[in-house]
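S.K.: Make a model of this:
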Amino acid sequence: MKRAWWVVITLMFALFGFAFSLTRAQDNGDGGDQQPAAPTPAQQDCDGIYMSYDFESRRKIYPFLKNAEKQAWAFKSTAHIVNTGTYELKAWKIYVGFQHKEILVGATGAVLMNGDDFPADVGNGTYLSGSGQTDLKTSISTAGDYTQIQAKIQFSGTMFGVKPSGVPMPKTIRLVNDGYKCPSPTNRKGSMYVCCVRNPKFKANVTKTKFLPRQKGDLTIAYDVIQAYENNYLAQVTMENCSPLGRLDHWNLTWEWMRGEFIYNMKGAYPRTIDYLNCIYGDAGKYYQQMDFSKVLNCEKKPIIGDLPREKANDTQVGKIPNCCRNGSILPPIMDQSKTKSAFQMQVFKLPPDLNRTALYPPERFKVDGVLNPEYKCGQPIRVDPAQFPDPSGLQATSLAIASWQIVCNITRAKTRKPKCCVSFSAYYNESVIPCNTCACGCSDTKNCNPKAHALLLPPETLLVPFENRTKKAIAWASIKHHHVPKPLPCGDHCSVSVNWHLLSDYKDGWTARITLFNWDKTNFEDWFTAVQLKKATAGYEKAYSFNGTKIPKLDNIIFLQGLKGLNFLVAQKNGTKPEKDPKVPGKQQSVISFKKKHTPDIEVAKGDGFPTRVFFNGEECSLPTQLPLSQGNCLHVNFVVAIFLSLLSFVM
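M.R.: Now for the predicted structure:
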């Protein structure tokens, strides 16, 4: 009996000891379940930002090939970014140097900084920024909370050409935020890591803002929340053009909702598709069961937004928004400062778990384009200090946005992208016109033409004739001038707008050129502009007679040209007077430009200095010919000798 009591007492003490040790483990303050695996010695010794990349697995995927270099593999890997320093890291950005023809299918916790969608070709490396968790606080300010000081990115994708015995690792990894230096990473089999430290020579801008300062770019997009409720908010989106050569016409703006949001209504713009089916059959329909979704404007994950026409500007239902309703035109500041912005408002509804006033998240992956405009690449939204707006009551007061984000877009010129406009050259000393290059703006059908042959030289009058009607005249001109005619004939240029630059005259103290714009498109271009770069001649620019010309020497010797009042409309292509016989007629604008040689004494106009090296139309850079008109000075000299001989012969007779 005594032994039984002793066993019971022993078991009670054992249970009490286990419970006490469990309580101490829970109250010890070491993070409990949040505490990750023990950090590596390299992470413990890092006083800055610690980055690591770990390759996890791969498997062979279809098609199965014997050629190892062409075999595709599905892979998974993980990257960690940990703030082990004493400074908070705002809007982290990293570079991963992929090198095995990788195609990223997903990157949990991150987005591509160039705004591309998944899947994305990242075989030459890629830049990523945070999605959701963009800032990494310090361990000091969070008591070592890893959920606030660490970002984790889980990669999944496809790669090529690495045999099973090898480990496919990137070339390098590094932090690309300003003010940090990263040495070469340390490689281990299947992993690499690096410690990026603050650059002591870097002088950050001293700001008193809570968030990151606003950045500069060719085009900026502001996403401001101006009213917030429990399950919805009112946002104002403002696009502003800051580039002297950038512009948008009939713009389309799109983004991707990341948390199931949908647009209830809008003012100042409208979605290209009015669709609420995704709400009815999706999570929104399950949560908002009493909502009349027939009044919802758009439920697409990637809506496409367009501007309203000008007549809707004063409409009380869809207009009455400052800087709205301009038919999709955003001009450069050099043309009209009052027309550089475009804005609209929208009521956005949210889904659980974001049902409180402060749970505000902007959409991501912004993209913007126009009809005939430069290509823009947009970054990800960055939280900035709240924007200020004039008080709607008219008082001398300002109201603050509840939350503001900025998206910066810059003009890019991808080598694979074809332009939408082209240039032809001609001169007073040569009877032929060098037309736009073959397939200058791309060729979709090359069965009946040669995309690699040089375009045929043309007589000047054919510049007014569409390409499909030039064949007979081009062949006849080649026969007269004894030029080679390739078979099959060269393809067309397929450009919406063409620009002819003609050297008109060349004198001792000055010279002139004539520029002509041809619109072969079905779209009218209002408030058009063109810009030409003349590296050696811009200093001598004097005047444009039918256009409004401005010399911008600080902008790489650019001459900016736009239509005068009454000439600022480049009409679309129209039918001839007799459509059954006459070819179509392009819209046309023309002006003579004069130059003085006083400031450019060494200029050689006919040898190339009188021709532009770059030409822009509405911000789009045009394709230039690969050759210049040849001077016929020798021929003119022979003709002059012949003329003297004939005169003497006539005198003798």
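
S.K.: Using CSV, list the CA coordinates for stretch 109-118.
M.R.: C-alpha atoms of stretch 109-118 as CSV (Å, rounded to 0.1, in the frame of the first residue of the first chain):
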residue,chain,number,x,y,z
GLY,A,109,6.3,37.3,-51.6
ALA,A,110,7.8,39.3,-54.5
VAL,A,111,7.0,40.9,-57.8
LEU,A,112,9.1,41.6,-60.9
MET,A,113,10.2,45.3,-60.8
ASN,A,114,9.7,45.7,-64.5
GLY,A,115,6.0,45.0,-64.2
ASP,A,116,6.0,41.8,-66.3
ASP,A,117,3.5,39.1,-65.5
PHE,A,118,4.4,35.5,-64.7
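
S.K.: what mean pLDDT does it have?
M.R.: Stretch 109-118 carries an average pLDDT of 85.

S.K.: In space, what's closest to T220 - neighbours in sequence excluded?
M.R.: In space, and not counting its chain neighbours, T220 is closest to E240: 5.2 Å by CB to CB, 6 or more residues apart in numbering. From N, CA and C alone the C-beta is placed, and that goes for glycine too.

S.K.: Tell me who's in contact with the one you found.
M.R.: Applying CB atoms under 8 Å, 6 or more residues apart in numbering to E240 gives the contacts 219-222, 330, 340-341.

S.K.: Quick check: phi and psi on it?
M.R.: Backbone torsions of E240, given as degrees, to the nearest 10, read phi -130, psi 130.

S.K.: On the strand side of things, show who it bridges to.
M.R.: E240 has these beta-bridge partners by DSSP bridges: T220, K341.

S.K.: Quick check, E256 in contact with E300.
M.R.: No: under the criterion of CB atoms under 8 Å, E256 makes no contact with E300, lying 9.6 Å away.

S.K.: between the two, which one's more packed in?
M.R.: E300 (20 against 16; other CB atoms under 10 Å).

S.K.: Give me the nearest residue to that one, chain neighbours excluded.
M.R.: D275 (5.8 Å).

S.K.: how many neighbours does the one you found have?
M.R.: By the other CB under 10 Å criterion, the neighbourhood of D275 contains 15 residues.

S.K.: try D369
M.R.: When neighbours are defined as other CB under 10 Å, D369 has 14 of them.

S.K.: I'd like to know how far it sits from K320.
M.R.: Remark: distance between D369 and K320 (CB to CB, to the nearest Å) = 27 Å.

S.K.: Ok, T254 next?
M.R.: T254 sits 25 Å away from K320, going by CB to CB.

S.K.: Name the helix or strand for the residue nearest in space to the middle of the chain, please.
M.R.: Closest residue to the average C-alpha location of the chain: K377 at 1.6 Å, with CA atoms, centre = their mean. Under the criterion of DSSP states H and E, K377 resides in strand 375-378.

S.K.: beta partners for the residue nearest to E300?
M.R.: Assessed by DSSP bridges, D275 has beta-bridge partners N298.

S.K.: Tell me how far it lies from T412.
M.R.: From D275 across to T412, the span is 31 Å (CB to CB).

S.K.: what's the domain layout of the chain?
M.R.: Using the TED database, the domain ranges for the chain come out as 41-198, 219-411, 421-622.

S.K.: can you redo these as CSV with distance to P629?
M.R.: Shown next, in CSV, are those (distance: least, CB to CB, whole Å):
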stretch, distance to P629
domain 41-198, 40
domain 219-411, 27
domain 421-622, 4
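
S.K.: Am I right that V105 is in contact with S156?
M.R.: Yes: the pair V105 and S156 qualifies as a contact (CB under 8 Å) at a distance of 5.2 Å.

S.K.: My guess is V82 contacts I49. True?
M.R.: Yes: using CB under 8 Å as the test, V82 is close enough to I49 to be in contact (7.2 Å).

S.K.: between these two, what contacts are shared?
M.R.: Common neighbours of V82 and I49 (CB under 8 Å, 6+ apart) are L136.

S.K.: coming back round to it: what's the nearest residue to the residue nearest to the centre of the chain if we skip its chain neighbours?
M.R.: Of all residues not flanking K377 in the chain, T412 sits nearest, at 4.7 Å (CB to CB, 6+ apart).

S.K.: give me the number of residues near the one you found?
M.R.: When neighbours are defined as other CB under 10 Å, T412 has 12 of them.

S.K.: low-scoring stretches of this structure, by residue?
M.R.: For the chain, the stretches with pLDDT under 70 are 1-37, 203-209, 393-394, 579-580, 632-653.

S.K.: And the helices in it, which stretches?
M.R.: 2-27, 41-44, 139-142, 146-149, 277-280, 283-287, 471-481, 633-652 (DSSP state H).

S.K.: can you pull the buried residues of the second one?
M.R.: Okay, so that is helix 41-44. Q43 (16 or more other CB atoms under 10 Å).

S.K.: and the gap between the residue nearest to E261 when sequence neighbours are not counted and S404?
M.R.: Spatial nearest neighbour of E261, excluding adjacent residues (CB to CB, 6+ apart): V348 at 5.2 Å. Applying CB to CB, the value for V348 to S404 is 15 Å.

S.K.: okay, the two: which has more neighbours?
M.R.: Neighbours were counted for V348 and for S404 using other CB under 10 Å; S404 has more, 23 against 19.

S.K.: partner residues bridging the more buried one?
M.R.: Counting by DSSP bridges, S404 is bridged to D224, V384.

S.K.: ok, it - contacts?
M.R.: 222-225, 383-387.

S.K.: can we see that at 10 Å?
M.R.: When contacts are counted by CB atoms under 10 Å, 6 or more residues apart in numbering, S404 touches 211, 214, 222-226, 236, 362, 381-388.

S.K.: same question, M346
M.R.: 233-237, 263-271, 297-298, 303, 305.

S.K.: Find the nearest non-adjacent residue to it, please.
M.R.: Spatial nearest neighbour of M346, chain neighbours left out: M266 (4.5 Å); criterion: CB to CB, 6+ apart.

S.K.: ok, the one you found - contacts?
M.R.: Here M266 is in contact with 235, 237, 297-298, 303, 305, 308, 318, 321, 344-348 (CB under 10 Å, 6+ apart).

S.K.: for those, which one is nearest N500?
M.R.: L308 (35.9 Å; CB to CB).

S.K.: What number of residues are in the vicinity of that closest one?
M.R.: L308 has 23 neighbours, counted by other CB under 10 Å.

S.K.: That one contacts R326, correct?
M.R.: Yes: L308 is within contact range of R326, at 8.3 Å (criterion: CB atoms under 10 Å).

S.K.: okay, and the common contacts of the two?
M.R.: Joint contacts of L308 and R326 (CB under 10 Å, 6+ apart) are 268, 342.

S.K.: all strands of the stretch 351-500 of the chain, in order?
M.R.: Here the stretch 351-500 of the chain has its strands, by DSSP state E, counting those that start in this stretch, at 364-369, 375-378, 382-384, 388-390, 398-400, 403-412, 421-427, 430-434, 497-506.

S.K.: Surely C242 touches P333?
M.R.: Yes: C242 lies in contact with P333 (CB under 10 Å); the separation is 7.1 Å.

S.K.: what residues are shared contacts of these two?
M.R.: T340.

S.K.: Count the neighbours of R326 for me.
M.R.: Other residues close to R326 by other CB under 10 Å number 20.

S.K.: contacting residues around P612?
M.R.: By CB under 10 Å, 6+ apart, the contact set of P612 is 423, 425, 499, 501, 513, 515, 531-535, 537-538, 557-559, 622, 624.

S.K.: swap that for Y193, please
M.R.: Going by CB under 10 Å, 6+ apart, the list of residues near Y193 reads 40, 42-43, 46, 50-54, 80, 173, 185-187.

S.K.: swap in L219?
M.R.: Going by CB under 10 Å, 6+ apart, L219 touches 239-243, 246-248, 251, 330, 340, 368, 374, 376, 378, 407-411.

S.K.: What residues does the closest residue in space to it that isn't next to it in sequence make contact with?
M.R.: Nearest residue to L219 in three dimensions, chain neighbours excluded: C409, at 4.2 Å (CB to CB, 6+ apart). Taking CB under 10 Å, 6+ apart as the criterion, C409 is in contact with 115, 217-221, 239, 241-243, 246, 366-368, 375-379.
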